[in-house]
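Engineer: just need the structure, nothing else, for what follows:
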Amino acid sequence: MSRGTAHTDTRQGILDTAYGLVGAKGFSGVGLNEILSSAGVPKGSFYHYFGSKEAFGEALLANYFESYLADLNTTLAEPGLSHAERLMNYWRKWQATQGSIDYQRKCLAVKLAAEVSDLSEAMRLALKGGTAAIIERLSRSIAAGVAEGSLTIESEPHTTAEDLYHVWLGASLMAKIVRTDAPFEAAMGTTRRILGLASH
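Structural biologist: Below is the predicted model:
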């Protein structure tokens, strides 16, 4: 293994370990030493891989969204399904992930948006870029669904995608407060209504 590969692997290992810790405790609630210890990386070597904790946060979000968007692309291109079915599968996966107690799987955008947007402009911009990319992909799928006739909307596809993403972000936050699936069930009903789908 080359030195460059080892560096990349160690850096990725730190990021992979951090997902669960940050998902559980938030960005400010996790110390660098805790991350390094959990990743099996010697203390004091953090700045060899990241210039600052903020730069680490940027990298964490960039890596998260890269993986998230790859999964989203797969979901929205699943063969044998209409675009409406693909979109509904995406929301079902959202509910399953956000309703899970597995912090490794939870959405970092939901977890960190309120916390870091006021603390770090760089991380806010990373969140903004990542969520915009999600909305853009949803918008394209919605437009394709309209074209094929599997769904109907009253607004433009991009506006509809934004509205739905906002609905699900809100549902995720409310689910954390009430600790039931009721907000997700409400979001699912709203989504079906907005996309002109049957309620069953």
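Engineer: below-threshold pLDDT in the chain: ranges please.
Structural biologist: Counting by pLDDT under 70, the chain shows low-confidence ranges at 1-7, 100-106, 199-200.
Engineer: so who does the residue nearest the centre of it touch?
Structural biologist: Centroid check for the chain by CA atoms, centre = their mean gives Cys107 as the closest residue, at 4.1 Å. Contacts for Cys107 (CB atoms under 8 Å, 6 or more residues apart in numbering) come out as 68, 94, 97-98, 172. (Glycine included, C-beta is placed from N, CA and C.)
Engineer: can you tell me how far it is from Leu32?
Structural biologist: Cys107 sits 23 Å away from Leu32, taking CB to CB, to the nearest Å as the criterion.
Engineer: equivalent analysis for Gln95, please.
Structural biologist: Look at Gln95 and Leu32: by CB to CB, they are 33 Å apart.
Engineer: do you know how far Glu156 is from Ala55?
Structural biologist: Relative to Ala55, Glu156 is positioned 37 Å away (CB to CB).
Engineer: quick one, which of these two is more surrounded?
Structural biologist: Ala55 (15 against 12; other CB atoms under 10 Å).
Engineer: what's the more buried one in contact with, if anything?
Structural biologist: Ala55 neighbours (CB under 8 Å, 6+ apart): Ala122.
Engineer: ok, it to Gln12 distance?
Structural biologist: Ala55 sits 15 Å away from Gln12, going by CB to CB.
Engineer: equivalent analysis for Lys43, please.
Structural biologist: Distance of Lys43 to Gln12, computed by CB to CB: 19 Å.
Engineer: more neighbours, those two?
Structural biologist: With neighbours defined as other CB under 10 Å, Lys43 and Gln12 compare such that Gln12 has more, 14 against 9.
Engineer: not counting its neighbours along the chain, what's nearest that one?
Structural biologist: For Gln12, ignoring the flanking residues on the chain, the nearest one in space by CB to CB, 6 or more residues apart in numbering is Asn63 at 7.6 Å.
Engineer: may I see the buried residues of the helix or strand encompassing that neighbour?
Structural biologist: Asn63 belongs to helix 53-75 when elements are defined using DSSP states H and E. Residues of helix 53-75 classed as buried: 53-54, 56-61, 63-65, 68, 72, 75 (neighbour count, 16 or more other CB atoms under 10 Å).
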